[in-house]
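K.L.:
Here you go, sequence then predicted model.
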Amino acid sequence: MTKKLSLITGATAGLLYAAILFATWRAGIATMASFLTIYTYLPAVLFIIGAGAWWLKTNLPEEPDFKTFLQYALLAYLVFELLYAAANYSLFGVLDKSLNNKLVEHLLATTRTKLLNGGAGKDQLEAVEDLANTGRLPLTLKQTAIGLGQNLVIDFLKSLFIATITKQFRIGKNT
């Protein structure tokens, strides 16, 4: 039951991300940049996987132990990250290899405008442009694999957080 829920939750989060990513790509660079900015700051996947852990806690006959919650969250994150990496590589590395450059250019122009309106100096503008120039190349399989590995390390920490909070929270039937 726990593994099945992990697969469903991770796949749902991954497919939702992929669908929105491709839809915003079709809508234009500005829309895509807005989505990616919001996605960066909104912990939607954490909420989705956390909701699955909550469901496990409230719907299983016996309360799962910490290990069960941790396994659930880790597997859900693994499935999500595989779909996330596949969607990003498909779009940025296969379908539209110039997309990364277009996205960087759009974000650079937006940032430059904000910095100029905020009274930033020439040094700050040059630093932002230098940073932007490092991210203009198409996404490679190597970069995708490295990103997947880095994300899984962070996801392990998120899984610990989800398992700890879910296990510690008291529900009426358990008290």
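P.N.:
Everything's here; your move.

K.L.:
tell me which residues of the lowest-mean-pLDDT helix or strand in the chain are tucked away?
P.N.:
When the helices and strands of the chain are scored by mean pLDDT, DSSP states H and E, helix 122-133 comes last with a mean of 77. Buried residues in helix 122-133, counted by 16 or more other CB atoms under 10 Å: V128, A132. Heads up, the C-betas are built off the backbone N, CA and C, glycines and all.

K.L.:
Can you dump the C-alpha atoms of it in CSV for me?
P.N.:
Output of helix 122-133 as CSV, limited to C-alpha atoms (Å, rounded to 0.1, in the frame of the first residue of the first chain):
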residue,chain,number,x,y,z
LYS,A,122,27.8,49.1,-13.2
ASP,A,123,29.7,46.5,-11.1
GLN,A,124,26.5,44.8,-10.0
LEU,A,125,25.2,44.7,-13.6
GLU,A,126,28.4,43.2,-14.8
ALA,A,127,28.3,40.5,-12.1
VAL,A,128,24.7,39.6,-13.1
GLU,A,129,25.7,39.4,-16.7
ASP,A,130,28.7,37.2,-16.0
LEU,A,131,26.5,34.9,-14.0
ALA,A,132,24.0,34.7,-16.8
ASN,A,133,26.6,33.9,-19.4
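
K.L.:
which helices and strands does that helix pack with?
P.N.:
helix 99-117 (3 or more CB pairs under 8 Å, 6 or more residues apart in numbering; DSSP states H and E).

K.L.:
Check which helices and strands the helix it packs on is in contact with.
P.N.:
In terms of contacts (3+ CB pairs under 8 Å, 6+ apart), helix 99-117 is packed against helix 29-41, helix 122-133.

K.L.:
after the last one comes which helix or strand?
P.N.:
If you walk from helix 122-133 toward the C-terminus, the next helix or strand you reach (DSSP states H and E) is helix 141-168.

K.L.:
in that following helix, what counts as buried?
P.N.:
Under the neighbour-count criterion of 16+ other CB under 10 Å, helix 141-168 has Q143, T144, G147, L148, N151, D155, K158, S159, I162, A163, T166, K167 buried.

K.L.:
Make JSON lines out of these and add pLDDT and distance to F66.
P.N.:
JSON lines is the format used below for the buried residues of helix 141-168 (pLDDT from 0 to 100; distance: CB to CB, whole Å):
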{"residue": "Q143", "pLDDT": "92", "distance to F66": "35"}
{"residue": "T144", "pLDDT": "93", "distance to F66": "32"}
{"residue": "G147", "pLDDT": "94", "distance to F66": "29"}
{"residue": "L148", "pLDDT": "95", "distance to F66": "26"}
{"residue": "N151", "pLDDT": "95", "distance to F66": "23"}
{"residue": "D155", "pLDDT": "96", "distance to F66": "17"}
{"residue": "K158", "pLDDT": "96", "distance to F66": "15"}
{"residue": "S159", "pLDDT": "96", "distance to F66": "11"}
{"residue": "I162", "pLDDT": "95", "distance to F66": "11"}
{"residue": "A163", "pLDDT": "95", "distance to F66": "6"}
{"residue": "T166", "pLDDT": "91", "distance to F66": "9"}
{"residue": "K167", "pLDDT": "89", "distance to F66": "5"}
